[in-house]
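In: Fold the following, please.
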Amino acid sequence: MKKIIQIPGAPAPIGPYSQAILQNGTLYVSGQIHLDPKTGELVGDTIEACCKQVLENIGALLREAGMGYENVVKCSIFLQDFNDFARMNAVYSEYFQHEPPARETVEVSRLPKDAMIEISCVAAL
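Out: Numbering: from 1, shown residues only. As a prediction, this is how the structure comes out:
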């Protein structure tokens, strides 16, 4: 049975999707951009600040499902500018210091609300 994970500590979806779905001990987190959960507006003007906000939003969803960053097994990262890769990686590595998840990082031409970064992930108990 699937359970919708939708909380005030993470931004509300900007389309017809759920923030996250928990099914059989696996959490599927929809792509998160650097939205302030209180205002619904983009925050941050550097890739570092934007990446931090995205990972904090993901963290709120993980906690609601009874998980933490250590439960993340896969991330997909979408960057508006691949020149930001090294600086994004520096922030990302603060959240995944031990046994980091599998991932891919790709450059895309545009993200929702013209965000700089979007990250989705899968976590498991």
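
In: what's the model's confidence in the longest helix along the chain, averaged?
Out: Secondary structure of the chain per DSSP state H: the longest helix is helix 47-64. Taken as a whole, helix 47-64 carries a mean pLDDT of 97.

In: Straight-line length of stretch 33-49, end to end?
Out: Counting by Cα to Cα, to the nearest Å, you get 11 Å between the two ends of stretch 33-49.

In: now stretch 90-100
Out: OK, stretch 90-100 end separation, Cα to Cα: 13 Å.

In: One more: stretch 29-48?
Out: Across stretch 29-48, the terminal residues are separated by 21 Å (Cα to Cα).

In: Run the chain-centre distance for that stretch.
Out: 9 Å (Cα atoms, centre = their mean, to the nearest Å).

In: Quick one: the helices in this protein, in order.
Out: 47-64, 85-95.

In: where do the strands sit along this structure?
Out: Counting by DSSP state E, the chain has these strands, from start to end: 2-5, 20-23, 26-33, 72-79, 102-107, 117-124.

In: What strands line up against the third one, and which way round?
Out: In other words, strand 26-33. Note on strand 26-33: by DSSP bridges, its sheet partners are strand 20-23 (antiparallel), strand 117-124 (antiparallel).

In: could I get the strands of the chain as JSON lines with distance to residue 95 and mean neighbour count?
Out: (Glycine included, C-beta is placed from N, CA and C.) Below are the strands of the chain laid out as JSON lines (distance: least, Cβ to Cβ, whole Å; neighbours: other Cβ atoms under 10 Å):
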{"stretch": "strand 2-5", "distance to residue 95": "19", "mean neighbour count": "14"}
{"stretch": "strand 20-23", "distance to residue 95": "17", "mean neighbour count": "19"}
{"stretch": "strand 26-33", "distance to residue 95": "13", "mean neighbour count": "21"}
{"stretch": "strand 72-79", "distance to residue 95": "9", "mean neighbour count": "19"}
{"stretch": "strand 102-107", "distance to residue 95": "12", "mean neighbour count": "12"}
{"stretch": "strand 117-124", "distance to residue 95": "10", "mean neighbour count": "21"}
